[in-house]
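Coordinates only, no sequence provided:
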């Protein structure tokens, strides 16, 4: 059992139709057919959307995505049309809302890995592969890979876990041409972002992207577009470069404080039970918010206000 501990009721905004509430984002459609993506302050861990929010998290994710989209637009177009609030939207949506192109989304999580950790490490330890790609002997938790690899996953519903799949499975699902394009663009974008992060003292260990095609209206050819969030601490694993040490878990700029507390005796929660996790204590909320803000500041060079 997993999913929302307390499923939020979507706001009703005149002129907008609510389409979906995910782990973090609420999706609406305008009367003109554009999509409105609102990043909440919700946080998830271990396939649960927790009952406690992290203040400013949605704004940090949105503003960091916009910063990255600007630095990637020569590699791949993105889905952002405007950051203006739709008429009648609540003031709290300011800074966390994107008006976006409606796309035919590709049902694949496009994961790029430059370092070995997480689910990739589990698979590697079992049979020296990640998503069917053979890797050399002797790699440790946190080891840099000989070259970045494309390791796609299925897109899971809220409460379910993404599952790694082979490149061949992706080609079977979406076609060989689209699969090749996804791999190419995923690795190109990862390479650009990895180099930018390195200049700022961060290691981008891995990240995931979502892509969609424009609808090709008016006789135009469909175009691959980068969508959703991009290169945020929710979709990416950032490590401080000066603390990198293969062979152990690396300190990271994400929700590790949340995970650590949930699995500690202090939470009283049994991850293997069917009981939902408890609310987060204030000190965990504050430390997690600080990590998100620090990642934003290190990457952009701008203080988070």
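Arrived safely, thanks for sending. What you are looking at is a predicted structure, and each value in this text was computed from that prediction instead of being measured.

only C-alpha atoms for contact and neighbour calcs from this point on.
Fine.

Enumerate the positions of stretch 122-135 that are buried.
Judged by neighbour count (16 or more other CA atoms under 10 Å), stretch 122-135 contains these buried residues: 123, 124, 125, 128, 129, 130, 131, 132.

Check for me that the second one belongs to a strand.
No - counting by DSSP: H, G, I helix; E, B strand; the rest coil, one finds residue 124 to be helix, located in no strand.

Tell me the predicted confidence for it.
With respect to pLDDT, residue 124 has a value of 96.

residues contacting it?
Remark: with contacts taken as CA atoms under 8 Å, 6 or more residues apart in numbering, residue 124 is in contact with 130, 135.

separation between it and residue 117?
9 Å (CA to CA, to the nearest Å).

Backbone dihedrals for the spatially most central residue of the chain, please?
With distances taken as CA atoms, centre = their mean, the chain has residue 235 as the residue nearest its mean C-alpha position (2.1 Å). Main-chain dihedrals, residue 235, degrees, to the nearest 10: phi -110, psi 0.

which residues touch it?
If a contact means CA under 8 Å, 6+ apart, then residue 235 has 207, 208, 209, 229 as its contacts.

go again using 7 Å as the cut-off
By CA atoms under 7 Å, 6 or more residues apart in numbering, residue 235 lies in contact with 207, 208.

do the same with residue 101
34, 35, 79, 80, 81.

Of those residues, just the buried ones, ChimeraX syntax please.
To isolate the buried ones among these in ChimeraX, judged by 16+ other CA under 10 Å, type:
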select :34,35,79,80
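
Which members of the contacts of residue 101 are positioned in strands?
When the contacts of residue 101 are checked against strands using DSSP state E, the ones located there are 35, 80, 81.

excluding its backbone neighbours, what's nearest the second one?
Looking back up the chat, that one is residue 80. In this structure, residue 80 finds its nearest non-sequential neighbour in residue 100, 4.5 Å apart by CA to CA, 6 or more residues apart in numbering.

From the contacts of residue 101, pick the one nearest residue 112.
The shortest approach to residue 112 among the contacts of residue 101 belongs to residue 79, at 20.2 Å (CA to CA).

Give the buried residues for stretch 62-76.
Using 16+ other CA under 10 Å as the test for burial, stretch 62-76 gives 62, 63, 64, 65, 66, 67, 68, 69, 72, 76.

Pull the residues that contact it.
39, 78, 96, 189, 225, 226, 229, 230, 231, 232, 296.

cool, and stretch 290-302?
Everything outside stretch 290-302 that qualifies as a contact, by CA under 7 Å, 6+ apart, is 60, 64, 197, 200, 233, 253, 254, 303, 304.

And for residue 90, the neighbour number?
The tally of other residues near residue 90 (other CA atoms under 10 Å) stands at 12.

Please apply the same query to residue 57.
Per other CA under 10 Å, the neighbour tally for residue 57 reads 23.

let's have the chain start at 22 instead
Understood, numbering begins at 22; the last thing we discussed is residue 78.

ok, it to residue 38 distance?
From residue 78 over to residue 38 (counting by CA to CA), the distance is 24 Å.

same question, residue 171
Distance of residue 171 to residue 38, computed by CA to CA: 35 Å.

which ones are touching residue 165?
If a contact means CA under 7 Å, 6+ apart, then residue 165 has 135, 136, 137 as its contacts.

Now intersect those residues with the helices, please.
Among the contacts of residue 165, DSSP state H puts none in helices.

Quick one: buried ones out of those residues?
Members of the contacts of residue 165 that pass the buried threshold by neighbour count (16+ other CA under 10 Å) are listed as 135, 136, 137.

Tell me the one of these nearest residue 236?
Comparing those against residue 236 with CA to CA places residue 135 closest, at 32.4 Å.

Tell me both backbone torsions, phi and psi, for the closest residue to the closest one other than its chain neighbours.
Sequence neighbours aside, residue 169 is the residue nearest to residue 135 in space, at 4.3 Å (criterion: CA to CA, 6+ apart). Recorded main-chain torsions at residue 169 are phi -60, psi 150, according to degrees, to the nearest 10.

got it, and residue 203?
Geometry field for residue 203 lists phi and psi as phi -60, psi -50, criterion degrees, to the nearest 10.

Relative to residue 151, how far out is it?
In this structure, residue 203 and residue 151 are separated by 18 Å, where distance is defined by CA to CA.
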